[in-house]
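Q: pasting the sequence and the predicted coordinates here, then a few questions.
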Amino acid sequence: MDFIVLILKNFTLIDELDIPLYPGFSVITGETGAGKSIILGAIGLLLGNRADSKAIKAGRDRCVIEAHFDLSKYGIAGFLRC
């Protein structure tokens, strides 16, 4: 299953961010305070980590963490909303 995009909205300090991912090896780099841990925290929530209301951006009532996957080579698209 290929993870092709990560979408964050109102998550901690992030208003809105779409991160495209490509097949192969992906690296998240940046200076201190650039948001690498925020991105990894969002991926952790997608994988089942417990959510905390403190993760919602201040002044907002909800956040969205969304992942898109390429399922075309698995023959299961008919079972899922695509």
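A: Yep, that arrived.
Q: pairing partners for residue 11 in the sheet, please.
A: Here residue 11 sits in beta bridges with residue 14, residue 56, going by DSSP bridges.
Q: please, where are all the helices along this protein?
A: With DSSP state H as the criterion, the chain has helices at 36-46.
Q: pLDDT weak spots in it?
A: 1, 77, 81-82 (pLDDT under 70).
Q: try it again at 90.
A: Counting by pLDDT under 90, the chain contains low-confidence residues at 1-3, 21-28, 33-34, 69-82.
Q: which residue, neighbours along the chain excluded, lies closest to the spatially most central residue of the chain?
A: Central residue of the chain (Cα atoms, centre = their mean): residue 6, 3.7 Å from the mean position. Distance criterion Cβ to Cβ, 6 or more residues apart in numbering; nearest residue to residue 6, sequence neighbours excluded, is residue 19 at 4.4 Å. Heads up, the C-betas are built off the backbone N, CA and C, glycines and all.
Q: I figured the one you found hits residue 11, correct?
A: No: using Cβ atoms under 8 Å, residue 19 is not in contact with residue 11; the gap is 11.8 Å.
Q: out of the two, which sits in the more crowded spot?
A: Using other Cβ atoms under 10 Å, the more surrounded residue of residue 19 and residue 11 is residue 11, with 23 against 14.
Q: thinking again about what came up before, tell me what the residue nearest to the centre of the chain is bridged to.
A: residue 19, residue 67.
Q: no more questions from me, cheers.
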